[in-house]
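In: The following block contains a protein sequence and its predicted model.
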Amino acid sequence: MNRKTFDLLLYLIDHRTQVVTKDELLTAVWPDQIVEESNLSQHVFLLRKALSRHESKRKMIETVAGRGYRFVAPLEITPSEENQSLVFKERRSITRVTLEEQIDEDPATIAPASRAETPAKGFTARSQRLLLAAGVLVLIAGLGWFGWTQWQHWLDRTGGPPVQIVLAPLAGTTGDTILDHTLLDALRTDLSQSPFVSVVPSTTVTTTLKQMKRAPDDPMDAATARELCERTNSQAVLNGTLARDGEQFLVTEEATNCVDGATLVAAKREVTRAEDLPGTIDRLTGILRQKLGESRRSIERFSVPIAPADTASLEALKAYSQAKRLSEQGKRSESVGLLKQAISYDPNFGSAYYDLAMNYSSTGDNAGSRKALEKAYSLRDSVGPLMKINITGRYESIVTGDLYAAERDYHAWIALYPRLASAWNNLFIVQRALGEQAEAVVSVQHALALRPKYLGLFTNLADAQLASGDAKSARATCERAIALGVDGDLIRMTLFVTAVAQGDAALLQAERDWAASHPDSPYFILAEGELATSQGRFAEARRFIDQGAEILRHQGFSEAAASLTKSYGANFIVAGDTADGVALLKSAPVDPEEGTEVLGLAQMGNQNEATKILGDELSKRPNDTLWRSWFGPAIRGEIALTSNKPLDAIAALEPTRTLDGRSNDMAVRRGSAYLAGGQPLSAEAEFRKALAKPFLEPLSLTQPLAWLGLARALAAEGRRPQAAEAYEHFLALWSRADSKAVFLTEAKQELAALRATPASR
């Protein structure tokens, strides 16, 4: 524990009878300094981590939402011993604790005469003894301090800057192909714990091999591995050999220079049983990390042996390894089956539960994902530190829904592993959900710098740049990805959205031409459906939605297809096409954990059911950020408007302002509530707020609906020319709308009535 973390503990203990606010802690622990709140959160994280090692596993530090922290563990005060010669005194600054020596002397032992007659002689002899003793103590303390500092320096000493390596397949075999792959994955997992040594992700290796005109499954010779190393800006290739002689195994690992193939470090181990091979990989990894330059303290701190700590079952580890490989190939259903098999071998396999949760999430099975994450979270102390932080962050963002807690977790993760792309990308996801678009751009840029050829990161960066209003950079990001050979459905969909945002007809046509030659691109087709919906072209939108959903089902993503179909149904209802919207929303059972679907229930008139689900979800996850500040207020506001209680709707929607950066939707809803409540000036302000951020959601309904709402607000204010202009904007956006579209008909009638009414004097 460092000094500041210890100071934090002291202050919390001293004020244990109360909740200590964050501002109070910042002032007490960092007096006369300007410190970010994230610094405090990191020290709380480190303090909890240190205290969690206590055998009792008792909760020590409690977070009181919206207020601060409180020390909640039972505390024993040990009575001070009598006649102590050393007394500790706490100064005002708790960062400096002084040690004073008290010397108790009996005045009666000193005769008055001797004190009067020979003061100088007595004082000199005593002073000499004290000085000698003090000198010896100072010397001992100095030597101790010097030894301690040298020891700490030795523990923290590194052999240079952090390194990135390419992990080559193991040469030689055990005779069991699955076990060979498992051992390679175990080595990758062990190395992933290190904040000093990073491994080029397998997805990057696959992409780079394609650029080299090589198949990912082709044998990787030394020349190929060295070229991979240079193309990925790595420093070394890690080559492994596995020799078998009867029941004996010899495992050797060697790191070679990318440029000339010279050996940098090497280590080897012998083992007599196949079951002991994962443990041997653990020990080899520790040796390699130290030889590559990682400090002893870092290795000790970030090194949990994968064999005994996560699973002791070799069969479970083999199934887990197979599942990861299938997941990387997009075969989620097969991966789920193998992960369940791994868990059947070892019911306490925390990493397997986490991967199961991620696979469920990718296939749209949110309930299954949450259940698996809850189990992984209960087993978090059995996994390595990197996996533990990963589980904790995902648990906060998906299970509890506390996005602010998840954001703090990911910041702590990045502080420990600043060169881990997944940590930066997870932070990006949370920041986007919170509407922190500019911060999200920075986070995903860090991730992309670490994994420069990963398609998903290019898409994420372009999306965030566009949402921030920088369409030019979003387009440049997509074009850079295509130039690097990182191309696909998601990149083209993002370019399509960018073209819509910029009004670039040539780019729009180019992307549609690409889609025509790639008919199995579901997300591009669904983006066309979203654009058609926002323009009132419901019949055409329905065809796109059905087509995209069918492709997803054919590719094995039935849950995702059902979820997307229902979300489009909710959009149809908002756009005025209630009949088709209800049909789409009812195409599959409503998922009570999906706020958009529950809001759709309220919009289609099932208010009692929506209210019950809302109460259940808030009861299960009282700290869920989106349910408390987004979907919950929206559902209450919708019900209030339907019940002709616009003032109640205005009050219900107020909490959504904190998350306005994520979408224009709530600004439009608040504008509609103000308009219904006879407050056109306030309504105008909300609609203009949505119109001021057209790049936030270029395919969304919010832009046309904001123009229609603005026209109605201005008309209510009596500003007829401005209202007519706003109506014209809406009609231009819906120029291709279905002739019987409700809002199109209403807008035309309202504009005609506005123009027919003579101006008042």
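Out: Arrived safely.
In: residue nearest the centroid of this protein?
Out: With distances taken as C-alpha atoms, centre = their mean, N426 lies nearest the centre of the chain, 2.5 Å away.
In: in what helix or strand does that residue lie?
Out: Taking DSSP states H and E as the definition, one finds N426 inside helix 421-433.
In: Name the surrounding residues that touch that helix.
Out: Counting by C-beta atoms under 8 Å, 6 or more residues apart in numbering, helix 421-433 makes contact with 201, 389-390, 393-394, 397, 403, 406-407, 410-411, 413-414, 417, 437, 439-440, 443-444, 446-448, 450-451, 454, 456-457, 460, 463-464, 467, 625-626, 662, all of which sit outside it. In this view, the C-beta of every residue, glycine as well, is placed from N, C-alpha and C.
In: for the record, mean pLDDT for it?
Out: Averaged across helix 421-433, pLDDT comes to 90.
In: again with stretch 10-18
Out: 85.
In: do the same with stretch 642-651
Out: Average pLDDT, stretch 642-651: 95.
In: By mean pLDDT, point me to the weakest helix or strand of this protein.
Out: In the chain, no helix or strand scores lower on mean pLDDT, DSSP states H and E than strand 97-101, which sits at a mean of 31.
In: does P519 sit in a helix, a strand or a coil?
Out: Three-state assignment for P519 (DSSP: H, G, I helix; E, B strand; the rest coil): coil.
In: Kindly report the same for T252.
Out: strand.
In: That one and I281, how far apart?
Out: Per C-beta to C-beta, to the nearest Å, T252 is found 12 Å from I281.
In: With S563 instead?
Out: S563 sits 40 Å away from I281, taking C-beta to C-beta as the criterion.
In: more neighbours, the two?
Out: Neighbour count, other C-beta atoms under 10 Å: between S563 and I281, I281 has more, with 27 against 22.
In: any idea which element that one lies in?
Out: Assessed by DSSP H and E, I281 sits inside helix 277-291.
In: which of the residues in that helix are buried?
Out: 277-290 (16 or more other C-beta atoms under 10 Å).
In: list the helices and strands that helix packs on?
Out: helix 177-192, strand 248-257, strand 263-271, helix 296-301, helix 306-309, helix 314-328 (3 or more C-beta pairs under 8 Å, 6 or more residues apart in numbering; DSSP states H and E).
In: Need the CA coordinates for the particular helix or strand that has I613 in it. PDB is fine.
Out: Assigned by DSSP H and E, I613 belongs to helix 607-620. Extracted as PDB, the C-alpha positions of helix 607-620 are listed here (Å, rounded to 0.1, in the frame of the first residue of the first chain):
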ATOM      1  CA  GLN A 607     -49.000   0.800 -19.700                       C
ATOM      2  CA  ASN A 608     -49.600  -1.600 -16.800                       C
ATOM      3  CA  GLU A 609     -47.200  -4.200 -18.100                       C
ATOM      4  CA  ALA A 610     -44.500  -1.500 -18.800                       C
ATOM      5  CA  THR A 611     -45.000  -0.100 -15.300                       C
ATOM      6  CA  LYS A 612     -44.700  -3.500 -13.600                       C
ATOM      7  CA  ILE A 613     -41.500  -4.400 -15.600                       C
ATOM      8  CA  LEU A 614     -40.000  -1.000 -14.700                       C
ATOM      9  CA  GLY A 615     -40.600  -1.600 -11.000                       C
ATOM     10  CA  ASP A 616     -39.100  -5.100 -11.200                       C
ATOM     11  CA  GLU A 617     -36.000  -3.900 -13.000                       C
ATOM     12  CA  LEU A 618     -35.400  -1.000 -10.600                       C
ATOM     13  CA  SER A 619     -35.900  -3.400  -7.700                       C
ATOM     14  CA  LYS A 620     -33.300  -5.900  -9.100                       C
END
